[in-house]
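Asks: Below: sequence and its predicted model.
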Amino acid sequence: MKNSSADIEKALITGLTQGDEKSYRLLFDLYYEWLCNYVYKLSHDSTLSEDLVQNVMLRLWEKRSSLKISSSLKNYLFRSCHNEFLMHLRAQKKEHDILDEIKWQTLFDMYDEKEDQHEADWNKLEKMLDQLPQKCKEVFKLSRLEQKKHKEIAEILGISTKTVESHISKALRFLKTNVSGLFF
């Protein structure tokens, strides 16, 4: 009398649920390589495929006494391996999302540091400008901060363009000698 594959599967399941190591070994030998090939088709990574199938087989042994396999053993193992692969993908996505979050947070932190440094530089510049004579300071701000032309500044302040140029030169010399590493 020839045993059908369904009879063999029932015997393996029964042996497994009773803790029979021979049944487990036979089950492992029958399905391991086949399941690895299946997972490899999903992952294209042989090491990962073996790891995932080994996880499924280990869990099968650990939960042997409470196993409830209603479909065929083969289908149960396929589904288990497929679910293991999906859980791996979810874990990878979470890891990727966390790395992305860290990357963006680092970029924002760097930006904030640059902004803080930029603000500190502006404050330092303002303090230096406060040391200039009032007219020189006004001319420099109109020229460099408001981007006005020399002729416009001269008209606004009622002075000659030569005086505007003189004030700007004086302010630049003063700032270059007293402020290092700022915007110049």
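Replies: Right, received. Where do you want to start? Residues are numbered from 1 along each chain as shown.
Asks: Determine the set of other helices and strands touching the longest helix along the chain.
Replies: For the chain, the helix with the greatest residue count under DSSP state H is helix 73-130. Contacts defined by 3 or more Cβ pairs under 8 Å, 6 or more residues apart in numbering; DSSP states H and E place helix 73-130 against helix 5-17, helix 21-43, helix 46-62, helix 134-140, helix 161-178. Using the backbone N, CA and C atoms, a C-beta is placed for each residue, glycine as well.
Asks: which residues are in contact with the helix or strand following the shortest one?
Replies: Sequence-wise, the next helix or strand beyond helix 134-140 is helix 150-157, with elements assigned using DSSP states H and E. Contacts with helix 150-157, where a contact means Cβ atoms under 8 Å, 6 or more residues apart in numbering, come from 135, 138-139, 142-143, 148, 159-161, 163-165, 168.
Asks: repeat for stretch 33-44
Replies: With Cβ under 8 Å, 6+ apart, stretch 33-44 has contacts from 46, 48-50, 52-53, 56, 77-78, 81-82, 84-85, 88.
Asks: Please identify the buried residues of that stretch?
Replies: Neighbour counts over stretch 33-44 (16 or more other Cβ atoms under 10 Å) mark 35-36, 38-40, 42-43 as buried.
Asks: angle of the helix or strand bottoming out on mean pLDDT in the chain against helix 161-178?
Replies: Across the helices and strands of the chain, mean confidence by mean pLDDT, DSSP states H and E is lowest for helix 73-130: a mean of 79. Put simply, helix 73-130 runs at 120 degrees to helix 161-178, going by axes from the mean of the first three to the mean of the last three Cα atoms, to 10 degrees.
Asks: and the angle from helix 73-130 to helix 5-17?
Replies: Counting by the same axes, to 10 degrees, helix 73-130 points 60 degrees away from the direction of helix 5-17.
Asks: Against residue 66, how distant is the residue nearest to residue 14 when sequence neighbours are not counted?
Replies: Nearest residue to residue 14 in three dimensions, chain neighbours excluded: residue 23, at 7.6 Å (Cβ to Cβ, 6 or more residues apart in numbering). Going from residue 23 to residue 66 by Cβ to Cβ, to the nearest Å gives 16 Å.
Asks: who has more neighbours, those two?
Replies: Using other Cβ atoms under 10 Å as the criterion, residue 23 and residue 66 rank with residue 23 on top: 18 against 7.
Asks: That one: what's it in contact with?
Replies: In this structure, residue 23 makes contact with 11-12, 14-16, judged by Cβ under 8 Å, 6+ apart.
Asks: what residues go with each domain of this protein?
Replies: Following automatic domain parsing, one gets these domains for the chain: 5-98, 131-178.
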